[in-house]
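Undergrad: Build me a model:
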Amino acid sequence: MNSYFKLSQEAVGKLAQRYETPLLVLSMEQVERNYAFLAQQLPGVKLYYAVKANPNEGIIRKLAELGSYFDVASDGEMRFLTEMGIKPERMVYANPVKTPSGLKVAKETGVYKFTFDSESEIGKMAKAIPGGSVLLRVRVENPKALVDLNKKFGAHPDDVPHLLDLARQQGLDVAGLCFHVGSQSASSDAYLEAIRICRGLFDDAQHAGFNMRILDIGGGFPVPTITETIDITGMLQDIREALAHNFPDTEIWAEPGRFMCGTVANLITSVIGTQQRNGNQWYFLDEGLYGTFSAVIFDHWDFELETFKSGEEIPTTFAGPSCDSLDIMFTDKMVVPLELGDLILVPNCGAYTSASATVFNGFAKAPIVIWEDVRELLHVKE
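TA: Next up, the predicted model:
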């Protein structure tokens, strides 16, 4: 799958003229393509969209319409989805360490599926939701992941039997295991190793009398980058074959976040300042680290900047609009020289961008429009 949503120069110009910048443009057709692709490549797998990646209501409504389930991590996300009419049966509270307010809202809304990775969590869940269904999260070593979640989460495989036994003793429904290999994993290797480890742990648990029936393989499925060619189809084929071989009769879940939303958004931003500093070219944009470019810090992401210009590229520093010297997105970014007012298109910026944007320094979050709602109005193509 190589297709992703990217606006044309004509579309960028007309959108900026009508709505001004910065502006985020989302494509619901791309959401549908992404969901359909994963569903085709992982047949029979229940897809739980990780809401934290991008909680835009349009994305969530489209995925709900397509039949998606949802991975929620907080009281706020559970309330939000419940208010949208999404049933608790379609949610898993997949934060290994849950807050008191999160467990309270889970009880209020009827969410009863959870993940955990420590002894201290068991009593909390058993008290709040007696008989709740739980998956134990297993640690998977994968330092090659862009974001290595296993530095913070996951029980060591050696601790799994003890934790499963404690959960059963406290009346929880021990339903299975889960893992997450880390975000933006460009190879299937870590998935295959995790599946192998979980097969052995499943066997041990079943011999101990547990009704192990669910394996959650997490997310981490990659999206296109500007520096790396990724064979997502080949990756998913490897995963699919490993699951068929090791878990032919087990219910399989996945928790895609980045893959579902990463390619659905384009940012349009403009140059609001230009200067030479210590012999280096600087451009100031009307969107920065505290806005959509928050992913530079929180997601270690490198963004493609499309200027629609040709010519010799020069090393450039890009900074945001706030009065904070930290607000610098890129140094030595190679681009063609720009001028005040020039527009820049940033594709593939749907994951962990607007979701972690702030209103620091009084700058509003970039407004969002849905491409399919405005396309005909502007009389342009993508």
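Undergrad: what are the ranges of the strands in the stretch 101-250 of the chain?
TA: Using DSSP state E, counting those that start in this stretch, the strands of the stretch 101-250 of the chain run over 113-116, 133-137, 173-178, 214-216.
Undergrad: What lies in contact with the longest one?
TA: Pointing back at strand 173-178 there. If you take Cβ atoms under 8 Å, 6 or more residues apart in numbering as the criterion, strand 173-178 is touched by 94, 113, 115, 131-138, 160, 164, 167-168, 198, 201-202, 205, 210-218, 250-251, 253. Glycine gets a C-beta too; all of them are placed from N, C-alpha and C.
Undergrad: Filter those down to the buried ones and hand me the ChimeraX line.
TA: In ChimeraX syntax, the buried subset of those is picked out as below (16 or more other Cβ atoms under 10 Å):
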select :94,113,115,132,133,134,135,136,137,138,160,164,167,168,198,201,202,205,210,212,214,215,216,217,218,250,253
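Undergrad: How about the helix or strand where Asp373 lies, which residues are buried there?
TA: Using DSSP states H and E, Asp373 sits within helix 371-378. By neighbour count with 16+ other Cβ under 10 Å, helix 371-378 contains the buried residues Trp371, Val374, Arg375, Leu378.
Undergrad: Just give the closest residue to Phe80, not the sequence neighbours.
TA: Counting by Cβ to Cβ, 6 or more residues apart in numbering, Pro55 is the residue found nearest to Phe80 once chain neighbours are left out, at 6.7 Å.
Undergrad: Could you report the neighbour count for that neighbour?
TA: Residues lying near Pro55 (other Cβ atoms under 10 Å) number 18.
Undergrad: What values do phi and psi take at it?
TA: The phi and psi values for Pro55, taken as degrees, to the nearest 10, are phi -90, psi 20.
Undergrad: and Cys49, helix, strand or coil?
TA: Slight slip there: residue 49 is Tyr, not Cys. At Tyr49, secondary structure determined by DSSP: H, G, I helix; E, B strand; the rest coil is strand.
Undergrad: Ile344 now?
TA: For Ile344, the assignment made with three-state DSSP gives strand.
Undergrad: That one against Thr307, yeah?
TA: Yes. Proximity of Ile344 to Thr307 meets the contact threshold set by Cβ atoms under 8 Å, at 5.7 Å.
Undergrad: check contacts around the closest residue in space to Gly291 that isn't next to it in sequence.
TA: Once flanking residues are discounted, Gly291 sits nearest to Ala357: 4.8 Å by Cβ to Cβ, 6+ apart. Each residue near Ala357 by Cβ under 8 Å, 6+ apart is listed here: Tyr290, Gly291, Thr292, Ser294, Lys365, Ala366.
Undergrad: ok, the residues you listed vs Met78, which is closest?
TA: Closest approach to Met78 among these (Cβ to Cβ): Lys365, at 22.5 Å.
Undergrad: what about that closest one, how many neighbours?
TA: What Lys365 shows, counting by other Cβ under 10 Å, is a neighbour count of 15.
Undergrad: so it touches Ser354, yeah?
TA: Yes. Proximity of Lys365 to Ser354 meets the contact threshold set by Cβ under 8 Å, at 6.6 Å.
Undergrad: Overlap of the contact sets of those two?
TA: Joint contacts of Lys365 and Ser354 (Cβ under 8 Å, 6+ apart) are Gly291.
Undergrad: picking that back up, give me the buried entries from the contacts of Ala357.
TA: Neighbour-count burial (16+ other Cβ under 10 Å) applied to those gives Tyr290, Gly291, Thr292, Ser294, Ala366.
Undergrad: would you list the residues you listed in TSV and tack on pLDDT, secondary structure and distance to Glu108?
TA: Output for these, formatted as TSV (pLDDT from 0 to 100; DSSP: H, G, I helix; E, B strand; the rest coil; distance: Cβ to Cβ, whole Å):
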residue	pLDDT	secondary structure	distance to Glu108
Tyr290	95	coil	33
Gly291	96	coil	33
Thr292	96	helix	33
Ser294	95	helix	31
Ala366	97	coil	33
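Undergrad: Going along the chain, name the helices of the stretch 151-300 of the chain.
TA: Under the criterion DSSP state H, counting those that start in this stretch, the stretch 151-300 of the chain contains helices at 160-169, 189-207, 232-246, 258-261, 295-298.
Undergrad: which of these sits most buried?
TA: Greatest average neighbour count among the helices of the stretch 151-300 of the chain goes to helix 258-261 (a mean of 28), per mean count of other Cβ atoms under 10 Å.
Undergrad: can you pull the contacts of the nearest residue to Gly123 once chain neighbours are set aside?
TA: Using Cβ to Cβ, 6+ apart and skipping residues adjacent in sequence, the residue nearest Gly123 is Gln170, 6.5 Å away. Taking Cβ under 8 Å, 6+ apart, we find Gln170 in contact with Ile122, Gly123, Ala126.
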